[in-house]
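1. The following block contains a protein sequence and its predicted model.
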Amino acid sequence: MNLSIALVIAIPLVGAAILALVPGYRISAAGNVLAMLATFAAGVSLIFAPKGASDYFILDEVNILFIILNTLVGLTTSVFSASYIGHEIETGKLTPTLVRRDLPGQPRAFGSFADVGATLRALSLAEGNA
């Protein structure tokens, strides 16, 4: 498997695991932005990666376009969500405890965000063997 493909999927997953352990929303928001920035850079690096197929992934121009678009949306959404949640806490509509609360069946927000992004990118690259 190409290193860039592995990074596009692994960075958000590792980031999500780390963000699940971070207690403060400000640090987790910044970590989420950094993880999405690194993922976007890995997505853009796919432009220079060799095209082709493996047992599990197909890398062609269309997939690269979707990966770059997906990582760009993830990056901009992570920046927006960090400022949005900060604003909601400042106005009193949310509390830091509520943002970081671990409820049964309710994962932490920024970690969940990273997991969803990794899953979407993996699905974009997946080879369909139906």
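-> Happy to help now that I have it.
2. Quick one: residues contacting the closest residue to Glu61 other than its chain neighbours.
-> In this structure, Glu61 finds its nearest non-sequential neighbour in Lys51, 7.2 Å apart by Cβ to Cβ, 6 or more residues apart in numbering. For glycine as for every other residue, the C-beta is placed from the backbone atoms N, C-alpha and C. By Cβ atoms under 8 Å, 6 or more residues apart in numbering, the contact list for Lys51 reads Leu59, Asp60, Glu61.
3. So for Lys51, what pLDDT did the model give?
-> Note on Lys51: pLDDT of 87.
4. Repeat that for Leu19.
-> 78.
5. And it, how close does it get to Ile67?
-> 21 Å (Cβ to Cβ, to the nearest Å).
6. that older thread, measure the residue nearest to Glu61 to Ser45 for me?
-> Taken as Cβ to Cβ, the span from Lys51 to Ser45 is 13 Å.
7. Now the contacts of Lys51 in JSON lines, please, with extra columns for distance to Gly24, pLDDT and neighbour count.
-> Listed next are the contacts of Lys51 as JSON lines, based on distance: Cβ to Cβ, whole Å; pLDDT from 0 to 100; neighbours: other Cβ atoms under 10 Å:
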{"residue": "Leu59", "distance to Gly24": "38", "pLDDT": "86", "neighbour count": "20"}
{"residue": "Asp60", "distance to Gly24": "41", "pLDDT": "87", "neighbour count": "11"}
{"residue": "Glu61", "distance to Gly24": "41", "pLDDT": "90", "neighbour count": "10"}
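8. can you give me the strands for the chain?
-> 52-53, 58-59 (DSSP state E).
9. got JSON lines for those, with distance to Ser81 too?
-> JSON lines is the format used below for those (distance: least, Cβ to Cβ, whole Å):
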{"stretch": "strand 52-53", "distance to Ser81": "35"}
{"stretch": "strand 58-59", "distance to Ser81": "29"}
